[in-house]
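Chemist: using only what follows, build the 3D model:
(one chain, ligands or ions: 1)
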Amino acid sequence: MDGQVSPKAEAADPAARIAALLAAQKAAWAKDVTPAHATRDDRLVRLDRMVEAWQERFAAAISQDFGNRPAVVTELTDVVPVRAAIRHARRQLKRWMRPRSVSLAWTGKPASAVILRQPLGVVGIVAPWNYPLNLMLSPLTGGLAAGNRAMLKPSELTPAFSEVLAKAVAETFSEDEVVVVTGGPDVATAFSAAPFDHLVFTGSTAVGRKVAEAAAKNLTPVTLELGGKSPAILDASVQFDKAVPRLVWGKLLNSGQTCVAPDYALVPRGRVQDFLAAVKAEVVRQYPGLPANADYTSIISPRHYARLTRLVEEARDKGAEVVELGGPHDPDARVFSPVAVIGAPDDTTVMQEEIFGPILPIVPYDTLDEAIAYVNHRDRPLALYWFGDDKQAQERVLSGTIAGGVTVNDTILHLAQDDLPFGGVGASGYGAYHGEAGFLALSKEKPVLKQSAISGVKFLYPPYGRMASFMLKMLGRFG
Ligand code: NAD
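Modeler: Model prediction:
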């Protein structure tokens, strides 16, 4: 394989190893700056075959990392969306790659112009642990479609998965095409300091800030896919029998360890107890017999489990009502059964930080304006959910709030559509990907003006005389 870098010499020094891999990828890129459609398609085909061939091993490794994560969840949230994204990219690739012709103003004619879509070069992709395959390979799909080479850095919290991914990628791609770099925070820090042509970072807002700072030193552009507290607004017009199963599904998928999970629910004050009863019944319907339920994902680490316990205890200590929704917890197996928290004061951690677990704060509200103001007084969320039948109220929420993305009358699903750009705003991140947005995020749109043999610009050359004055008058009036 051309461009292989021996890890031996650089093993002790992650920065040196990353630099060597990056140099090899940049050298390979320079030999084929704008790869043809066939080259890109071949890479996408190989990626797809890799996911297909390795999917059971990925699912088993992810489950090992979590303690328990059902293979169905990995298939639903990691494997199927990635393969759909690859298929979508392959179908659209010729259209995405086509130069865009641009019609010029009369002042520019008879020149012509096009916008070329070119790869940026080598992109770095840093992924979190919660959907480790999807959040690595979805950005990679856009990157390969756009003609880039890529270096991948998975989370240290999914060591088994990272090892399988590294093997799968090494079998599928040469090191100067796509390569996986594994390791802890020291490797992650060195990785984000490397002079990539673009970095895609998915993770927490706190680490995202560090990554943006490190990348700024190289003027490396960054797509930041972060998290935050995504609200679910239950409108006065909501029917709980329709809304609650969808809300509970989105909240408890992967046990709430989902960036776009509804974090908390805004509920009309007079209906809080009815809502709570409906949520409780639905939790038991979807996950009977907790904590012994194989469909329920464990919490990723003892540290994360302890944090969730602390969030609930602190809320209880500060006067919130805590309601167990599904059954007892099992700390040894890290099964954190769903909990509702009602009336937690604003200064509790559960109301301040992204929860990232199966705890549902319920926030009562009196008027829709109050619910909208509640959302707008906080960081801009990655997702917002609205449930109800009243179209006017829906419109008021859509036009009155800003969020990374919205699903109306359901949860999560806006993320699953390749033609909808996915990304945050403000504290939930910047930039977007998926489908053509992912292709464009990792492309340079290069405007090219092609001058013609005849050009009036020469009348503006010095020495400036009457002709130049006349031309400027014309341009000032009609240009
Ligand atoms: P994290 O920020 O702790 O880690 C994410 C990645 O960053 C890991 O690969 C880690 O190794 C790496 N990292 C750690 N320190 C680093 C540094 N100094 N420089 C560079 N990289 C570093 O996040 P996490 O706990 O793995 O994931 C949970 C968070 O991710 C939540 O906030 C969640 O909302 C967010 N998230 C966002 C999305 C999205 O698409 N917007 C998707 C999933 C998760």
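
Chemist: from now on I want contacts and neighbour counts done on CA atoms only, so please keep to that.
Modeler: Will do.

Chemist: got the residues of the chain near the ligand?
Modeler: Residues of the chain lying close to the ligand by C-alpha under 6 Å from any ligand atom are 126-129, 153-156, 184-185, 188-189, 192, 202-204, 207, 210-211, 225-228, 259.

Chemist: mind redoing it with 5 Å?
Modeler: Taking C-alpha under 5 Å from any ligand atom as the contact definition, the chain meets the ligand at 127-129, 154-155, 185, 188-189, 192, 203-204, 207, 225-227, 259.

Chemist: give the burial count for Val350, as a bare number.
Modeler: For Val350, the neighbour count with other C-alpha atoms under 10 Å is 25.

Chemist: run through who's touching stretch 321-340.
Modeler: Residues outside stretch 321-340 that contact it (C-alpha atoms under 8 Å, 6 or more residues apart in numbering) are 67, 252, 255, 276, 279-280, 283-284, 287-291, 296-302, 305, 312, 315-316, 341-344, 358-362.

Chemist: how far does that stretch sit from its chain's centre?
Modeler: In this view, stretch 321-340 has its centroid 28 Å away from the chain centroid, taken as C-alpha atoms, centre = their mean, to the nearest Å.

Chemist: what comes up buried for it?
Modeler: Across stretch 321-340, burial judged by 16 or more other C-alpha atoms under 10 Å covers 321-323, 325-329, 331, 333-340.

Chemist: output that stretch as PDB, nothing but the C-alphas.
Modeler: Taking C-alpha atoms only, stretch 321-340 is exported to PDB below (Å, rounded to 0.1, in the frame of the first residue of the first chain):
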ATOM      1  CA  GLU A 321     -40.300  15.700  43.200                       C
ATOM      2  CA  VAL A 322     -38.500  12.600  41.900                       C
ATOM      3  CA  VAL A 323     -40.700   9.900  40.300                       C
ATOM      4  CA  GLU A 324     -39.300   6.500  39.300                       C
ATOM      5  CA  LEU A 325     -40.900   5.600  36.000                       C
ATOM      6  CA  GLY A 326     -39.800   2.100  35.200                       C
ATOM      7  CA  GLY A 327     -38.400   0.100  38.100                       C
ATOM      8  CA  PRO A 328     -35.300   0.000  40.300                       C
ATOM      9  CA  HIS A 329     -31.800   0.700  39.200                       C
ATOM     10  CA  ASP A 330     -28.900  -1.800  38.800                       C
ATOM     11  CA  PRO A 331     -25.700   0.100  39.500                       C
ATOM     12  CA  ASP A 332     -23.500  -3.000  38.900                       C
ATOM     13  CA  ALA A 333     -24.900  -3.500  35.400                       C
ATOM     14  CA  ARG A 334     -25.200   0.300  35.000                       C
ATOM     15  CA  VAL A 335     -28.900   0.100  34.300                       C
ATOM     16  CA  PHE A 336     -30.300   3.500  35.200                       C
ATOM     17  CA  SER A 337     -34.000   3.200  35.100                       C
ATOM     18  CA  PRO A 338     -36.000   6.200  33.800                       C
ATOM     19  CA  VAL A 339     -36.800   9.000  36.300                       C
ATOM     20  CA  ALA A 340     -38.900  12.100  36.100                       C
END
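
Chemist: picking that back up, helices - which of the contacts of stretch 321-340 land there?
Modeler: Using DSSP state H, the subset of these located in helices is 252, 276, 279-280, 283-284, 302, 305, 312, 315-316.

Chemist: how's the protein carved up into domains?
Modeler: Residue ranges for each domain of the chain read 7-226+431-444, 231-419, as given by automatic domain parsing.

Chemist: what does the pLDDT read for the nearest residue to Thr205 once chain neighbours are set aside?
Modeler: Using C-alpha to C-alpha, 6 or more residues apart in numbering and skipping the chain neighbours, the partner closest in space to Thr205 is Leu226 (5.3 Å). The model reports Leu226 with a pLDDT of 97.

Chemist: is Ala214 in a helix, a strand, or coil?
Modeler: Following DSSP: H, G, I helix; E, B strand; the rest coil, Ala214 is assigned to helix.

Chemist: how many other residues sit next to it?
Modeler: Other residues close to Ala214 by other C-alpha under 10 Å number 19.

Chemist: hang on, it packs against Ser192?
Modeler: Yes: with contact defined as C-alpha atoms under 8 Å, Ala214 and Ser192 form a contacting pair (6.1 Å).
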